[in-house]
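Chemist: Here is my input, please return the structure:
(one chain, ligands or ions: 1)
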Amino acid sequence: MQILIISLDHSCNNHCRFCSQADLAPPSAPPDIRARLEKARGEGANVVHFVGGEPTLHDALPSWIAAAKHLGFERIGLQTNGRRLAYPSYARTLAAEGLGPVDIALQGATGALHDYHTNAPGSFKQTISGLKRAHEASLEVAVTTVITRSNMRHLPDLGAAMGVLKVANWRMRMSLLVGRAREDGSRLVPRWSMVEPYVRRALDETAKNACTAVVSGLPLCIDPSLPRYDPASDEAPQGVYGHACEDCAARAACAGFDAGYLTLYGERDLRPMKEGRPEMRGGPDFSDPLKLPFVGGLGRTVADQPVPSD
Ligand code: SF4
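Modeler: Numbering: from 1, shown residues only. Here you go, the predicted model:
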């Protein structure tokens, strides 16, 4: 079983402060998507994720989803800022063509916080509306939040909001020192030790509702019991390790971390472990791509690469 990740161009109607694609070449028209779907399907892929940029800016997206469905892909996912889903007929169209999971980017529980991160006034209102329309269209809604110094203290509020918004799966992803984040890295990327207590409190909030929450991009030694989801990406296919990691008993189970983090904060927060990885408290099992609620990798994804699921 394989997941095909189709990375469309990186055009977007948000202008996020942490955007990992801001330093990439200007957008170009995506090549023949149908041919890529056909080829990957012939090679055994049965799950496809459309990621961007912002995939919904492409008017052909519904027809690509329909083509994937026609070719026999069993699960078709979309990573999106959710703004275009605010148009009810659009959300319904995507669902009718065969879309399953939508992974919506939400950076705060208020307009002020979300719009600060997106640099797009009004984006919060549209994204929340899109999330609701996605529910109404019977799409599977997940949310991804990029953890920054500005929103980490508000993660518990967001955790509570997941219950109000009836979101079943929420991913908190550490910001990386790539793309636009390089412009002001230490103001944007928080230290792991600062993030840790807020992630725990956010998990306490989601535990009150039927929401499964996970964290991505946080090294295993930062509270090893936190539920994690760390798929590979072309930014950090396997992560990097510090000198302190050499003696860590959990290294084999650890995905490592963002190389840029070391340039900001060094190894101060690393806590080499004396024993291997403990069991995650209530950790979800995302080993089946046909049930995976999240779409795409950690940031920039490997375009047109079927990713073996096991
Ligand atoms: S100290 Fe261990 S758990 Fe922490 S990043 Fe290094 S290898 Fe991973």
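
Chemist: Select the longest helix from this structure.
Modeler: helix 192-207 (DSSP state H).

Chemist: which helices and strands sit right next to the helix or strand just after that helix?
Modeler: Using DSSP states H and E, the helix or strand that follows helix 192-207 in sequence is strand 212-216. For strand 212-216, the elements it packs on are strand 169-174, helix 192-207, judged by 3 or more Cβ pairs under 8 Å, 6 or more residues apart in numbering; DSSP states H and E. Yep, even glycine has a C-beta here, placed from its N, CA and C like the rest.

Chemist: beta partners for the residue most central in space within the chain?
Modeler: Closest to where the C-alpha atoms of the chain average out (Cα atoms, centre = their mean) is residue 144, at 4.9 Å. On the basis of DSSP bridges, residue 144 is bridged to residue 105, residue 171.

Chemist: hang on, it packs against residue 175?
Modeler: No. Judged on Cβ atoms under 8 Å, residue 144 makes no contact with residue 175 at a distance of 11.9 Å.

Chemist: what are the C-alpha coordinates of stretch 192-209, in CSV please?
Modeler: Provided in CSV are the C-alpha atoms of stretch 192-209 (Å, rounded to 0.1, in the frame of the first residue of the first chain):
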residue,chain,number,x,y,z
TRP,A,192,10.9,22.8,23.0
SER,A,193,11.0,23.2,26.8
MET,A,194,8.7,26.3,26.5
VAL,A,195,6.2,24.4,24.3
GLU,A,196,6.0,21.3,26.4
PRO,A,197,3.7,22.4,29.2
TYR,A,198,1.2,24.1,26.8
VAL,A,199,1.1,20.9,24.6
ARG,A,200,0.3,18.9,27.8
ARG,A,201,-2.5,21.3,28.7
ALA,A,202,-3.9,21.3,25.2
LEU,A,203,-4.0,17.5,25.4
ASP,A,204,-5.9,17.7,28.6
GLU,A,205,-8.5,19.9,26.8
THR,A,206,-8.9,17.6,23.9
ALA,A,207,-9.3,14.6,26.3
LYS,A,208,-12.5,16.2,27.4
ASN,A,209,-13.9,15.9,23.9
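
Chemist: Now do the buried residues in it.
Modeler: For stretch 192-209, burial by neighbour count (16 or more other Cβ atoms under 10 Å) applies to 192, 195, 196, 198, 199, 202, 203, 205, 206, 209.

Chemist: isn't residue 92 right up against residue 137?
Modeler: Yes. Because the distance of 4.8 Å satisfies Cβ under 8 Å, residue 92 is recorded as touching residue 137.

Chemist: What are the boundaries of the strands in the protein?
Modeler: Secondary structure of the chain (DSSP state E): strands at 2-7, 45-51, 75-80, 101-105, 140-147, 169-174, 212-216, 305-308.

Chemist: which one of the ones you listed lies closest to the ligand?
Modeler: Proximity to the ligand (Cβ to the nearest ligand atom) singles out strand 169-174 among the strands of the chain, at 12.4 Å.
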